[in-house]
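1. Sequence plus predicted model, see below.
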Amino acid sequence: MTTTSSSPAASSQPMISVNTPDAPPTFTVLPGYQNQFQKMRVSRKVPENQPIQFVVFKCAKSSELLLLGVHRKEARYLKFEYNRNRFKEHNCICQTATMESDLNPLYAERCEDLKTLVIHCKNALNEKNEQYIVNRETENLVQVFRPELEFKEERKSDSDHYIAICKAKNEDLIIIGRSKNGLTKTRFQHDCKNVSLPDSPVKKLDLTEHGNDEEDIEMDVALAGYFQDYLASLPIFKAWYCIVQRLMNVRVKVPNSSNYLDYHFHNGTMLRSRECQECSKDVTPESLIPRYSVKLDGFKHVLFCRNKIFETIEQYVLDSQEIVLRQVFLPELLYDPTLINHEETGVFFIENGILVSKIRGILTVKKLNKDTDCYEEVPNVPVRIMNPESEASDAKEEEAVSTDPDDAW
């Protein structure tokens, strides 16, 4: 088997400088994010060092479970798991810890069952209203759930200094206040001294005690076959920025399909994004940014393209009989960014009188006119993306079609 390239080796483009999450070795940036970040910068003012909004983590307990990390504050990410067309906050030791400074205390009220004050707080990490008490021994906050103490907006305190005064050990008092940086905690000692206490992680509720569902995550059906192998290669999550809505979305793969559903982060949760009528879903030659082509023995020329709609690197071959670009899947043929043809104009290959090139960066198909001996552009060339009817033979080399009618005799 031999491989030939249509362009000389070239260095890959530099990556965008972005902040890294709280556990750099454990995360992966969503496919297509760098391209979408550029679109975001074009459509609105975004600094070069804008933190990555969405990343993918692996669960510490189950490495096969992929988690979506949503950037919240500094370099910290709130992790979600995806289950049957909905996201839910991940309840595990690998979840980003909530710090006391993440809490904005709103007001406190006494719980007769617990014999202490319950402090209602807005959690800036997940944007939820939550309930906390002060542990007398550790002097740290512990989340509780008292449904009878329903949050009431009109009871929010205007005071920044004294939201709650709770009992601690040794007859000391813990004073809960708030500042522009979040919850503050001070110990008032029995010798009348005030001691500012350090910011500490809060002890969160075990959500499995409160109606955590037991549904299995819907996965691709494990079937053999050309199309199923292609589906298995697609990422579960990828990024998409809608310029019209000015919204960064996460696209989530629909099981047993090449389709994706769009979600965005709003009010502490991941919500389905409404479909944008101006964001095209149809793949055309204009959707494909040609990178380079290779030729394998027994196969057609394979053209590597970046699909601007799906934000994936894909492989295409030319059906010279019907003049159609067909997507193929050759997993043994890996994408090599050092082979990218960075010229604005250039020829990728000629097959059976059909020329495939790019002009000013746009994918162009031309057919040889036997009368003028010139290549003429073919408008509106159809693009056939992968589907259940796709076959591995689509990439196999065709017998050459003669361009001389006398050869037929």
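-> The structure has been received and is ready for your questions. Numbers count the residues shown, from 1 in each chain.

2. For the stretch 251-400 of the chain, which segments count as strands?
-> Assigned by DSSP state E, counting those that start in this stretch, the strands in the stretch 251-400 of the chain fall at 260-266, 269-272, 288-296, 301-307, 312-319, 324-328, 346-351, 354-359, 362-369, 374-377, 383-384.

3. ditto for the stretch 1-150 of the chain
-> 3-5, 27-29, 54-58, 66-71, 77-82, 87-89, 103-111, 116-123, 128-134, 141-144.

4. Minimum distance to residue 169: which of the ones you listed has it?
-> Nearest of these to residue 169, taken as CB to CB: strand 128-134 at 11.0 Å. All C-beta spots, glycine's among them, are computed from the backbone N, C-alpha and C.

5. Let me know which of the strands of the stretch 1-150 of the chain is the nearest to residue 325.
-> Closest of these to residue 325 is strand 3-5, at 19.6 Å (criterion: CB to CB).

6. per-residue confidence for residue 208?
-> Among the per-residue scores, residue 208 holds a pLDDT of 48.

7. ok, now residue 137?
-> If you check residue 137, the pLDDT there is 91.

8. same thing with the one 4 residues further on?
-> At residue 141, the predicted lDDT confidence score is 96.

9. all helices of the stretch 151-300 of the chain, in order?
-> Taking DSSP state H, counting those that start in this stretch to define them, one finds helices in the stretch 151-300 of the chain at 226-233.

10. How about the contacts made by residue 309?
-> Applying CB atoms under 8 Å, 6 or more residues apart in numbering, one finds that residue 309 lies in contact with 280-283, 287.

11. neighbours around the closest residue to residue 240 other than its chain neighbours, how many?
-> Nearest residue to residue 240, sequence neighbours excluded (CB to CB, 6 or more residues apart in numbering): residue 249, at 4.6 Å. Residues within reach of residue 249, counting by other CB atoms under 10 Å, total 25.

12. What of residue 349?
-> Residue 349 sits with 19 neighbouring residues when counted by other CB under 10 Å.

13. If it is in a bridge, with which residues?
-> Note on residue 349: beta-bridge partners by DSSP bridges are residue 356.

14. you'd agree it is up against residue 302?
-> No. The pair residue 349 / residue 302 is not scored as a contact, 9.3 Å apart, by CB atoms under 8 Å.

15. Find residues that contact each of these two.
-> Residues touching both residue 349 and residue 302 by CB under 8 Å, 6+ apart: 293, 295.

16. Which of the contacts of residue 309 ranks first by neighbour count?
-> Highest neighbour count within the contacts of residue 309: residue 283, with 21 neighbours (other CB under 10 Å).

17. Surely that one and residue 305 touch.
-> No. When contacts are counted by CB under 8 Å, residue 283 is not listed as touching residue 305 (9.8 Å).

18. Quick one, which of the strands of the stretch 251-400 of the chain gets closest to residue 126.
-> Closest to residue 126 of the strands of the stretch 251-400 of the chain is strand 269-272 (CB to CB; 8.2 Å).

19. Show me what that closest one is packed up against.
-> Using 3 or more CB pairs under 8 Å, 6 or more residues apart in numbering; DSSP states H and E, the elements in contact with strand 269-272 are strand 87-89, strand 260-266.

20. Redo the ones you listed as a markdown table? Include mean pLDDT.
-> A markdown table is the format used below for the helices and strands packed on strand 269-272 (pLDDT from 0 to 100):
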| stretch | mean pLDDT |
| --- | --- |
| strand 87-89 | 93 |
| strand 260-266 | 93 |
